[in-house]
Structures are given as structure tokens and as C-alpha cells.
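**Student:** Attaching a predicted model along with its sequence, questions to come.
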Amino acid sequence: MTTSFDKLSTGDTIDGPSFAVSRESIRLFCDGSLDYNPLHLDDNYMKNSFGKTNFGGIIMHGMNNFGLITRMLTDWAYPAGAIHRRLETRWVKPVKPGDTIQPVGIIKAKQTTEKSRWVLIDVLVKNQNDEKVAVGEAMVEFPLTA
Amino acid sequence: MAQAEVFETDFWKDANLRKVWDEIVPGEPRKTLPYVLTREAIQLYCRSVGENHPLYFDEAYAKASPYGGLIAPPSIHILLMFSCTPADDWMRTPGTVNAGQSWSYNVPARPGDTITLQARALDKFIKRERLFVVHDNVFFNQRGDVICSGRGQTIRPM
């Protein structure tokens, strides 16, 4: 259902797309993003420890979460004539092949400014075990004409 | 135009040319390259995150929309970060771990745009024995419009 600034309430949720993570999806993200860091490609390299961290195998790009959250926000905003303006994220837990992740948005606040209207959204990405793998917040503009 | 013809996907190859944490000077501009964003590159990126909105794929739909033509999704800066920097850029150092990012969006990038980047390390610090670098970046189109601006933190390999 298409949303509007007036209809939105704090606590409303936005369900994002489910995304199955595989070695192939990670490889495709390498090709799509040109990020060929061996963290995402090289099993032998990933046997090493990184400072105090050992990932135990290749991991998904953190920015794959970012791209998936963006997809959720724009698919929600476009039909309403709204514009995705900001996204801030941090990664909580590594994502690995075999995981299924899904972003969700929760409306946190609405703000009217001198020339426009804004919706602040808490975002998070969960894996198949209901664990948070990424958290953040977003800002979507609802222009006065929308 | 100074643009790499073939993107080197082996990030080990120029690893010895890249600055380590000790050498990165906050405030010093990073070398960047102009990049012509193609429809094919946008659509390959879209497929990698499952983006299928017609604004990115369907020219007739996009033309009739308020955007007046095909656009790239806002998160296209994920690709632009690597396409607008040379092989010796420290963002490519194997083992660089992304610790989080924030981005603001102004106008969309479009197929055919010549994208330029202004980028630098803004800060560096040590926390819990980990070496952090804060980077800031602004992408522009060929008219000088800001496409997006963003800041991120990476943990440098030791």
C-alpha cells in the first residue's frame, strides 16, 4: 500500500526483501560493486585472524546490507513520491554463505521543517536466527507536493 | 580521460603500493579518477542486491516518471567508490574491514554520467587495539551537482 506523510505513525514498520546469501551472491556483489577484497573471496586467507577476530570463512560485504536496506527504502518511498535522503549503518555481526537476511524499518519520528517534511526510520537487518546483523537509521523526505 | 581500461580484480597485485595506517595523512586528498557510469554497470550492481525497480531498468517507465529517465539506485556509491579510485588506493587493501557508513543523497546518478569523486581520510585513531581510518567522500556529476556525500570508518589490517 502506498504510504503518505500524514498517514504514517511512530512504530509503523516497513518490511524489506528477504535475501539468500550464498557464495554466488557474494561473488555477484564483488562484480557489481568492484569490491574484490579477499575477505569475500578467499577461503585460505580467511583462515587468518584479523587482530582479535577470526571470521572462520568468507563473509558477505557489509555494504550488501546497505544496498538491501536502500532497496527497501526506495521501493517504499518511490510510490509515495518520497525521496530517500540519508542512510547510516553499522555492522553488528558477520553474514556468511547460507544465511538469509531481511531488512526492516520502524518509523521513529516525523519532522516538518521550513520547506519540507521528513520521516526518520530505524533500520535493522536480521538473519534467519532473528539475530541483528546490521543496524542504522534513515531519513526520507516527503516533499510538500507529495 | 584518465580511467583504468580494465579493472584489476586481484587486490593483492598492487598491495605494496598502498598506504598503511601509519602513512595515511588525515586531510590529504585521495587520488581519484573520473568514471563514466553505464547502464550495464548500474544494472549489474542492481542485480547483485536484487534491485528490480523499473526506474533502473525500464526506459519508457523511467521517462514517464518524475525522474524523466533511467537513474541509478542511491546506493550506487558502493560501486563508485571503487570505480573512481586507482588500484593503489588504500580502500582496496586486502583485509580492510568496513565498520559502518553514513551517506546523504542529493540528485540521482544516471547512465551516461561522468562521475568525479573528492575524497580524503578525515581522521584516524586507535581503539581497542584496532587501527581505524575515517574517510569522507563527495561524488559529483558532469554538471558539478552533488550526487551524494558520505563518511565511513574502516579498520585497517595489521
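**Tutor:** Cool, the structure landed. Numbers count the residues shown, from 1 in each chain, chains lettered A, B, ... in the order given.
**Student:** Is any residue of the longest helix along chain A near chain B?
**Tutor:** Using DSSP state H to define each element, chain A has its longest helix at helix A:62-77. Yes: applying CB under 8 Å from any CB of the partner chain, one finds helix A:62-77 in contact with chain B at A:Gly62, A:Met63, A:Asn64, A:Phe66, A:Gly67, A:Leu68, A:Thr70, A:Arg71, A:Thr74, A:Asp75. C-betas here are computed from N, CA, C, even on glycine.
**Student:** Next, the contact list for the second one, please.
**Tutor:** What that stands for is A:Met63. A:Ser33, A:Asp35, B:Ser75, B:Ile78, B:Asn98, B:Gln101 (CB atoms under 8 Å, 6 or more residues apart in numbering or on different chains).
**Student:** In terms of helix, strand or coil, where does the third one fall?
**Tutor:** Secondary structure state of B:Ser75, per DSSP: H, G, I helix; E, B strand; the rest coil, is helix.
**Student:** circling back: and which of the residues of helix A:62-77 next to chain B is nearest A:Gly98?
**Tutor:** A:Gly98 has its nearest neighbour among the residues of helix A:62-77 next to chain B in A:Asn64, at 14.5 Å by CB to CB.
**Student:** correct me, but the closest one touches B:Val49?
**Tutor:** Yes: at 6.5 Å, A:Asn64 counts as touching B:Val49 under the criterion of CB atoms under 8 Å.
**Student:** what sits in contact with each of these two?
**Tutor:** With CB under 8 Å, 6+ apart, A:Asn64 and B:Val49 have common neighbours A:Phe19, A:Phe29.
**Student:** relative to helix A:62-77, how tilted is the longest strand along chain A?
**Tutor:** Determined from DSSP state E, the single longest strand within chain A is strand A:100-112. On the basis of axes from the mean of the first three to the mean of the last three CA atoms, to 10 degrees, strand A:100-112 is oriented at 50 degrees to helix A:62-77.
**Student:** pLDDT averaged over strand A:100-112 - what is it?
**Tutor:** Mean pLDDT, strand A:100-112: 98.
**Student:** Output the below-cut-off pLDDT ranges for chain B.
**Tutor:** Counting by pLDDT under 70, chain B shows low-confidence ranges at B:1-5.
**Student:** Closest to the centroid, which residue in it?
**Tutor:** B:Met81 (1.5 Å; CA atoms, centre = their mean).
**Student:** immediately after whatever helix or strand that one lives in, which helix or strand?
**Tutor:** Secondary structure assigned from DSSP states H and E places B:Met81 in helix B:77-83. Downstream of helix B:77-83, the first helix or strand assigned by DSSP H and E is strand B:97-105.
**Student:** Can you give the contact residues for that following strand?
**Tutor:** Applying CB under 8 Å, 6+ apart, the external contacts of strand B:97-105 come out as A:39, A:50, A:61-63, A:66, A:83-91, A:136, B:74-75, B:77, B:132, B:147-155, B:157.
**Student:** which residue ranges form the strands in chain B?
**Tutor:** For chain B, the strands defined by DSSP E cover B:35-36, B:97-105, B:114-127, B:130-140, B:146-156.
**Student:** Distance check, the nearest residue to A:Asn54 once chain neighbours are set aside against A:Gly57.
**Tutor:** Leaving aside its chain neighbours, A:Asn54 sits nearest to A:Asn48 (7.5 Å; criterion: CB to CB, 6 or more residues apart in numbering or on different chains). Relative to A:Gly57, A:Asn48 is positioned 11 Å away (CB to CB, to the nearest Å).
**Student:** which ones are touching B:Asp123?
**Tutor:** Neighbours of B:Asp123 in contact, by CB under 8 Å, 6+ apart: B:Pro26, B:Val133, B:Val134.
**Student:** which of those tops the neighbour count?
**Tutor:** Among the contacts of B:Asp123, the one with the most neighbours (other CB atoms under 10 Å in any protein chain shown) is B:Val133, at 22 neighbours.
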